[in-house]
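> requesting a structural model of the entry that follows:
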Amino acid sequence: MKTYKRKIAGIYLLLDEYKTIVYVGQSHDIFKRLRAHSTKNWGYFEYEEINDAEERGTVEAKLIKEYSPKYNKDTRKYIIPEYHNRISRKFRWELLRKTEKKLKSLDSFSCRHLRFYLYSEYGVVVSHNTLNLDLRTKRYL
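Predicted structure coming up:
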């Protein structure tokens, strides 16, 4: 692989010999990240330079959702990766209060179902660990 002096931040797609997307990823240094991938599963790659980390996450999530690549392990687990679209604590707690009023009680919901509900209803993603802590300690009340 050719050596590049400049770090390029963005989204990259790994493609197999049939030019089918097998992996979607993002990195603050694409070429360094590509060197870390095993080349046995892909033959080609494409990339788009995106400097804003939040925008990279959003674009990556949309591509994963659209193409469901073979080697993106978590494609079936979530709709958008939880480390993107982070929301403030105050906003998260406000959403939990609204949700509790609407659903009467959050006690009967598993963290996974509640995360899906928050995404489908409000379009936001809350990390599993954060939400779990909020629910256990009732910090949002």
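> going forward, measure contacts between C-alpha atoms and count neighbours the same way
Fine.
> mind listing the residues bridging to Glu46?
Leu13 (DSSP bridges).
> next one: the helix or strand bottoming out on mean pLDDT in the chain to chain centre, how far?
Least confident helix or strand, the chain: helix 128-137 with a mean of 73, by mean pLDDT, DSSP states H and E. When distances are taken as Cα atoms, centre = their mean, to the nearest Å, helix 128-137 is centred 19 Å away from the chain's centroid.
> residues touching Ile11, list them.
For Ile11, the contacting residues are 24-27, 30, 47-50, 56, 59-60, by Cα atoms under 8 Å, 6 or more residues apart in numbering.
> and the gap between Val24 and Arg6?
22 Å (Cα to Cα, to the nearest Å).
> what does stretch 27-46 rub up against?
Residues contacting stretch 27-46 (Cα under 8 Å, 6+ apart): 1, 4, 7-17, 19, 22, 47, 51.
> buried subset of those residues, written for ChimeraX?
Burial among those is assessed by 16 or more other Cα atoms under 10 Å; the matching ChimeraX selection reads:
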select :8,9,10,11,12,13,14,15,16,22,47
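> where are the low-confidence patches of the protein?
1-5, 39, 73-87, 108, 139-141 (pLDDT under 70).
> care to break it down by domain?
10-76, 89-137 (automatic domain parsing).
> just say which of these is most tucked in.
Among the domains of the chain, domain 10-76 has the highest mean neighbour count (mean count of other Cα atoms under 10 Å), at a mean of 16.
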